[in-house]
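S.K.: Output the structure for:
(chains A, B, C and D)
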2 protein chains.
Amino acid sequence: MVAQRGRRNGAKRTRSEAAPDADNAPTAEMPAVTENGTDPEIRARSIPEAAVARLAVYLRVLSAMADQGATTVSSEELSTAAGVNSAKLRKDLSYLGSYGTRGVGYDVAVLVGHIERTLGLTRQHRVAVVGIGNLGHALANYGGFPGRGFPVEALFDIDPDLIGVPVGGLPVSHIDDIPVVCAERGISIGVIATPPPAAQSVCDRLVAGGVQCILNFAPVVLQVPEHVEVRKVDLAVELQILSFHVARRADGEANGRVIDEGSVAGNGVVVP
Amino acid sequence: MVAQRGRRNGAKRTRSEAAPDADNAPTAEMPAVTENGTDPEIRARSIPEAAVARLAVYLRVLSAMADQGATTVSSEELSTAAGVNSAKLRKDLSYLGSYGTRGVGYDVAVLVGHIERTLGLTRQHRVAVVGIGNLGHALANYGGFPGRGFPVEALFDIDPDLIGVPVGGLPVSHIDDIPVVCAERGISIGVIATPPPAAQSVCDRLVAGGVQCILNFAPVVLQVPEHVEVRKVDLAVELQILSFHVARRADGEANGRVIDEGSVAGNGVVVP
DNA sequence: CTATGTGAAAAGCTTCACAGCT
DNA sequence: AGCTGTGAAGCTTTTCACATAG
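M.R.: So this is what the prediction gives:
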């Protein structure tokens, strides 16, 4: 039985855990009381997961703006460029602390710095890619992954013909060596791009190698020990979600239903 | 303030996920109001987006079970296989209607049918892939995409050397022809796998070609007219979210804070 | 007068727990 | 007995709207 603790009141301190879009780690746990509300390092724990995903987007937009010479932005400008509304943007940024100037806006460089620090981008996160097929190739050739900060330091496959062959400048190792190689090279993020049947066993080896986070492209629900963070990217799911929207729309039209956006009051419920 | 409830059941360990879009249609808000209740066609409109994503996962798990000869499943079995808890699973399935049998469980085949219908998988959704680089190649070679139902019917790139070259059995067309070709072939889903700078213009052409949904792999916030559904897959964002969790964890340790867990399993890969 | 930062209200999701079929 | 289906409770996230700082 776990004595769940929870809540406090009035204050902004709450913790959360959730995922942005689709789905997330099957593991997981709960709260873990957090007191205090001043230390910026601690603050990070309470940022809603959904906000974290957006911070990454803001960061990219801000970087682009900085490259174009912008030195300040208003919440309005930034939110538009990031595709969200300004209230949400301000709320998100407020999780970092108060780094804007009322009546003026935010200093681009300062904001970039704070977001990077919050997202842990001041550290390097070495990446390993497992499964050097079409997708794995693409990922390996990403050459240093998004921006910098995520250097690909190991590649693995099971195909004997690939072992030792350099892809994107890095030789491919055998998946049996995952635990050893990952531990040696201090890999912290493992990317799984294998066929579905291999995914779980590869995942287990990555975990054995000390990998803390996994980005899973295989359409499989991975089983991981708690404290290993998993994010999945599932093409089939994405397409099916789109399919759902097409169908929904089509049905609506077929039924001659008009989505009137005025204020719909109490839609009469039709008989059960 | 009322006291908090006491719980009683032992717990379920699963964390959740959830979360609506991390980004998405920048346009207006959701209509919603729909009073469902009876018509299954109408019901679809009211299914939470988060549930839709999970339905796709259930579908995959169910298909696998069916292949292994299973004819019925309980919410417990299915939920475990899908990595969610049973209450959530039952709630999700209830959006489809009542297709289980109390005291028994769900008929696999029946459930597969209902989910497919709900997700609009009884229709075909023709797909176009734009940007035949590493990733585009991988996608094009997926050969008919996830399962069936999403045939790739057009490929586009801007590189003259690629035009006309068959990739995965389909010749590449020039991006200038996107509107015409998409309209001709009845493409409903466009996949953007181009470099960031090209994404928006490609998107505009897809929309001009009548494409209703876009799956965007380019790290760019797309601007689309309302009623065009966009989903994005952003590698950089995914990695940065993982980075955030690593950082959060590290900070916690650095501060001597112990995230006391109720039940901790074995594999404590402690990373110094 | 302008644009941030934020309680507070609203909306959305998930979990609980149990009535109701089989 | 067993398991689904679901109102209601509990949380989280989003949106409002306004006091406040510059």
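S.K.: all contacts plus neighbour counts: C-alpha atoms, from now on.
M.R.: Noted.
S.K.: ok, residue A:152 touching residue A:130?
M.R.: No. Counting by CA atoms under 8 Å, residue A:152 sits too far from residue A:130 to count as a contact (10.9 Å).
S.K.: ok, these two, which is more surrounded?
M.R.: Between residue A:152 and residue A:130, counted using other CA atoms under 10 Å in any protein chain shown, the more crowded position is residue A:130 (30 against 24).
S.K.: Which residue, other than its chain neighbours, is closest to the more buried one?
M.R.: Spatial nearest neighbour of residue A:130, excluding adjacent residues (CA to CA, 6 or more residues apart in numbering or on different chains): residue A:156 at 4.6 Å.
S.K.: Any idea what the one you found is bridged to?
M.R.: Beta bridges link residue A:156 to residue A:130, residue A:173, judged by DSSP bridges.
S.K.: count of residues packed around it?
M.R.: Residue A:156 has 27 nearby residues by other CA under 10 Å.
S.K.: mind listing what it touches?
M.R.: Each residue near residue A:156 by CA atoms under 8 Å, 6 or more residues apart in numbering or on different chains is listed here: A:128-132, A:163, A:172-175, A:178.
S.K.: per-residue confidence at it?
M.R.: Turning to residue A:156, the model gives it a pLDDT of 98.
S.K.: ditto for residue A:148
M.R.: Note for residue A:148: predicted pLDDT of 75.
S.K.: Assumed it was part of a helix.
M.R.: No. Under DSSP: H, G, I helix; E, B strand; the rest coil, residue A:148 sits outside any helix and is assigned coil.
S.K.: in the stretch 1-150 of chain A, which spans are strands?
M.R.: Taking DSSP state E, counting those that start in this stretch to define them, one finds strands in the stretch 1-150 of chain A at A:72-73, A:100-101, A:105-107, A:127-130.
S.K.: is DNA strand D contacted by the third one?
M.R.: Okay, so that is strand A:105-107. No. Strand A:105-107 does not reach DNA strand D (CA under 7 Å from any atom of the strand); its nearest approach is 9.4 Å.
S.K.: can that strand be found next to DNA strand C?
M.R.: Yes. Against DNA strand C, strand A:105-107 shows contacts by CA under 7 Å from any atom of the strand at A:105-106.
S.K.: who's in contact with that strand?
M.R.: Applying CA under 8 Å, 6+ apart, the contact partners of strand A:105-107 are A:71-75, A:99-100.
S.K.: repeat that with 10 Å
M.R.: Applying CA atoms under 10 Å, 6 or more residues apart in numbering or on different chains, the contact partners of strand A:105-107 are A:62, A:66, A:70-78, A:93, A:98-101.
S.K.: a helix runs through residue A:251, doesn't it?
M.R.: Yes. Under three-state DSSP, residue A:251 sits within a helix.
S.K.: Could you check how far it is from chain B?
M.R.: Using CA to the nearest CA, to the nearest Å, residue A:251 is found at 7 Å from chain B.
S.K.: where does residue A:188 fall, phi/psi-wise?
M.R.: Main-chain dihedrals, residue A:188, degrees, to the nearest 10: phi -110, psi -20.
S.K.: so how many other residues sit close to the residue of the stretch 51-200 of chain A with the smallest separation from chain B?
M.R.: Going by CA to the nearest CA, chain B is nearest to residue A:119 of the stretch 51-200 of chain A, at 4.3 Å. Residue A:119: 25 surrounding residues under other CA under 10 Å.
S.K.: and the nearest residue to it once chain neighbours are set aside, how many residues sit next to it?
M.R.: In space, and not counting its chain neighbours, residue A:119 is closest to residue B:244: 4.3 Å by CA to CA, 6+ apart. By other CA under 10 Å, 24 other residues sit near residue B:244.
S.K.: Checking residue B:244 next. Helix, strand or coil?
M.R.: Quick answer, by three-state DSSP: residue B:244 is helix.
S.K.: these two touch, right, it and residue A:121?
M.R.: Yes. Residue B:244 is in contact with residue A:121 according to CA atoms under 10 Å; the separation is 7.9 Å.
S.K.: quick revisit: who touches both of residue A:152 and residue A:130?
M.R.: A:139-140, A:190-191.
S.K.: roughly how far apart are the residue nearest the centre of chain A and residue A:115?
M.R.: By CA atoms, centre = their mean, chain A has its centre lying nearest to residue A:53, at 5.6 Å. Distance of residue A:53 to residue A:115, given as CA to CA, to the nearest Å: 11 Å.
S.K.: how about the strands of the stretch 151-272 of chain A, start to end?
M.R.: Using DSSP E, counting those that start in this stretch, strands in the stretch 151-272 of chain A cover A:152-157, A:166-167, A:170-174, A:189-192, A:213-216, A:229-232.
S.K.: Check the ones you listed for me and report the most buried one.
M.R.: Neighbour counts averaged per stretch over the strands of the stretch 151-272 of chain A are highest for strand A:189-192, at a mean of 28; criterion: mean count of other CA atoms under 10 Å in any protein chain shown.
S.K.: Let's see that strand as PDB, backbone CA atoms only.
M.R.: Presented in PDB, the C-alpha positions along strand A:189-192 are these (Å, rounded to 0.1, in the frame of the first residue of the first chain):
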ATOM      1  CA  ILE A 189      19.500   7.800 -24.600                       C
ATOM      2  CA  GLY A 190      18.700   4.800 -26.700                       C
ATOM      3  CA  VAL A 191      16.700   5.000 -29.900                       C
ATOM      4  CA  ILE A 192      15.000   1.800 -31.000                       C
END
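S.K.: helices and strands around it, which ones?
M.R.: Applying 3 or more CA pairs under 10 Å, 6 or more residues apart in numbering or on different chains; DSSP states H and E, one finds that strand A:189-192 makes contact with strand A:127-130, helix A:134-141, strand A:152-157, helix A:178-185, helix A:196-208, strand A:213-216, strand A:229-232, helix B:235-254.
S.K.: okay, these in TSV with distance to DNA strand D next?
M.R.: As requested, the helices and strands packed on strand A:189-192 are exported to TSV (distance: least, CA to the nearest atom of the strand, whole Å):
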stretch	distance to DNA strand D
strand A:127-130	26
helix A:134-141	28
strand A:152-157	30
helix A:178-185	31
helix A:196-208	26
strand A:213-216	19
strand A:229-232	15
helix B:235-254	13
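S.K.: and DNA strand C, which of these is closest to it?
M.R.: For DNA strand C, the closest of these is strand A:229-232, at 14.8 Å, according to CA to the nearest atom of the strand.
S.K.: Does that closest one pack against any helices or strands, and if so which?
M.R.: strand A:189-192, strand A:213-216, helix B:235-254.
S.K.: quick one: is it near DNA strand C?
M.R.: No. Using CA under 7 Å from any atom of the strand, strand A:229-232 stays clear of DNA strand C, with a minimum separation of 14.8 Å.
S.K.: tell me the average confidence for that strand?
M.R.: Strand A:229-232 comes out at a mean pLDDT of 96.
S.K.: just the CA coordinates of that strand, formatted as PDB?
M.R.: Provided in PDB are the C-alpha atoms of strand A:229-232 (Å, rounded to 0.1, in the frame of the first residue of the first chain):
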ATOM      1  CA  GLU A 229      11.700   7.100 -19.300                       C
ATOM      2  CA  VAL A 230      10.100   6.000 -22.600                       C
ATOM      3  CA  ARG A 231       8.700   8.100 -25.300                       C
ATOM      4  CA  LYS A 232       7.300   6.500 -28.400                       C
END
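S.K.: Can you pull the residues of the stretch 51-200 of chain A lying near DNA strand C?
M.R.: Contact residues (CA under 7 Å from any atom of the strand) of the stretch 51-200 of chain A with DNA strand C: A:73-76, A:87, A:90-91, A:93-95, A:97-106.
S.K.: 10 Å - rerun?
M.R.: Within the stretch 51-200 of chain A, the positions lying close to DNA strand C (CA under 10 Å from any atom of the strand) are A:72-79, A:86-107, A:111.
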